[in-house]
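Trainee: just to be clear, the model below is a prediction. Sequence and coordinates:
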Amino acid sequence: MARVLLVLVLIVAVVAGLGFYMGWFHFSSGSDHGNAHITVSVDKDKIQKDKDKAVDKVATTTQKAQE
């Protein structure tokens, strides 16, 4: 059970790190009157564009491999 949890934590960490690196997520922080605010923004359009690029790349690579 501990191994499954470790694998899930690693997967989440990799996806979060990749998403931050690729610009899918943006973090911002601020404060007012002693209260701290943290905001996470998700760029769905960028994720979709990168997904479409990856699908095209896999299709091209698969087609070249078949030839």
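Mentor: Ah, there it is. Predicted, not measured: the structure shown is a model, and the values here were computed from it.
Trainee: in stretch 16-23, what counts as buried?
Mentor: Going by neighbour count (16 or more other Cβ atoms under 10 Å), the buried part of stretch 16-23 is G19. Just so you know, the C-beta spots here come from the backbone N, C-alpha and C atoms, and that holds for glycine as well.
Trainee: need the contact partners of it.
Mentor: 24-25, 27, 43, 46-47, 50 (Cβ atoms under 8 Å, 6 or more residues apart in numbering).
Trainee: shouldn't V40 be in contact with W24?
Mentor: No - with contact defined as Cβ atoms under 8 Å, V40 and W24 do not form a contacting pair (10.6 Å).
Trainee: those two - which one has more neighbours?
Mentor: Legend: neighbour count by other Cβ atoms under 10 Å for V40 and W24, higher for W24 (18 against 8).
Trainee: what about the nearest residue to that one once chain neighbours are set aside, how many residues close to it?
Mentor: The spatial neighbour of W24 that comes closest, neighbours along the chain excluded (Cβ to Cβ, 6 or more residues apart in numbering), is I47 at 5.1 Å. Each residue near I47 was counted by other Cβ under 10 Å, and the total is 15.
Trainee: elements contacting the helix ranked longest in the chain?
Mentor: For the chain, the longest helix by residue count, based on DSSP state H, is helix 44-66. The contact analysis (3 or more Cβ pairs under 8 Å, 6 or more residues apart in numbering; DSSP states H and E) places helix 44-66 against helix 2-22.
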